[in-house]
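In: Got a predicted model here, sequence first, then my questions.
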Amino acid sequence: MIDYALLFAMGCLSLALVMNLWRLLRGPLLTDRILALDTMAINAIALIVLAGIRWSSTLYFEAALLFAMVGFVSTVAYCRFLMRGDVIE
Amino acid sequence: MIVAEIVISLLLVIGGLFALVGSYGLIKLPDLMSRLHAPTKATTVGVGSCLLASIGYFMLTEQRVSVHELIITLFLFLTAPITASMVAKTFLHRNDRVKGDLPPTNGETGWATYDPAPGLKDADAGARKPRDASV
């Protein structure tokens, strides 16, 4: 039963990633693209965690943690660059 | 055992559906301020329940408690509001025409992010001069 639920969740997350990609390519404003990229990072974390369950390995958590940190830092850096014209003042 | 499997499967299905709904809201809602609501709430719930399912799964199969998921959950729950705030602030500062639509407040401008920093006008002008002269 877990296998089917896992497949369903992975399908949902893949579809969600495609939707985010559509917003990333289409988004009328730069801030829309930043938001789409941040959502993509979050969905990718969920997908990596599900892959860890699928192959029952704990190696994937480090990858998920790295995605979480790099996603957050890059989003804040993009926002600061757009707002102030500089990342570190 | 079978109860634990049902709970884990339910968590997985809920997580997938929430992530899907959040991303659908991202492409469906009309403008950025509405779009902010969908992913920052829904995908956080989605990822949270996926991580809970992962904790449950490794408890069920390997009889041990893993704290990796808790770290990721904590980090995501701490950073999601900061990200949303930064995106909203960037949007407000890059689009001056939203200023006219803001409701009246007691401050100079509609929202506090447009106001100058408190005490910056007088204090900083005095404080900056000697520093510039010394350089």
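Out: Here it is on my side, so go on.
In: Measure how buried the residue lying closest to B:K89 once chain neighbours are set aside is and give me the count.
Out: Computed as Cβ to Cβ, 6 or more residues apart in numbering or on different chains, the closest residue to B:K89 that is not its neighbour in sequence is B:T113, at 5.6 Å. Just so you know, the C-beta spots here come from the backbone N, C-alpha and C atoms, and that holds for glycine as well. Burial measure for B:T113: 11 neighbouring residues, criterion other Cβ atoms under 10 Å in any protein chain shown.
In: Then A:V18?
Out: So A:V18, with other Cβ under 10 Å, has 12 neighbours.
In: Distance check, it against chain B.
Out: According to Cβ to the nearest Cβ, to the nearest Å, A:V18 and chain B sit 8 Å apart.
In: Which helix or which strand is home to that residue?
Out: helix A:2-26 (DSSP states H and E).
In: next one: that helix to chain centre, how far?
Out: 11 Å (Cα atoms, centre = their mean, to the nearest Å).
In: So which residues of chain B form strands?
Out: Taking DSSP state E, chain B contains no strands at all.
In: most centrally placed residue in chain A?
Out: By Cα atoms, centre = their mean, the mean C-alpha position of chain A lies nearest to A:A41, the distance being 1.3 Å.
In: In contact with that residue, which residues?
Out: A:67-68, A:70-72, A:74-75 (Cβ atoms under 8 Å, 6 or more residues apart in numbering or on different chains).
In: A:A16 too?
Out: A:43, B:19-20, B:22-24, B:43.
In: Excluding residues flanking it in the chain, which one is nearest it?
Out: Closest to A:A16 by Cβ to Cβ, 6+ apart is B:S23, at 3.6 Å.
In: Can you give me the pLDDT of that neighbour?
Out: Per-residue confidence (pLDDT) for B:S23: 91.
In: I'd guessed it sits against B:G46; true?
Out: No: applying Cβ atoms under 8 Å, one finds B:S23 not in contact with B:G46, separated by 9.2 Å.
In: Those two - which one has more neighbours?
Out: Neighbours were counted for B:S23 and for B:G46 using other Cβ under 10 Å; B:S23 has more, 31 against 28.
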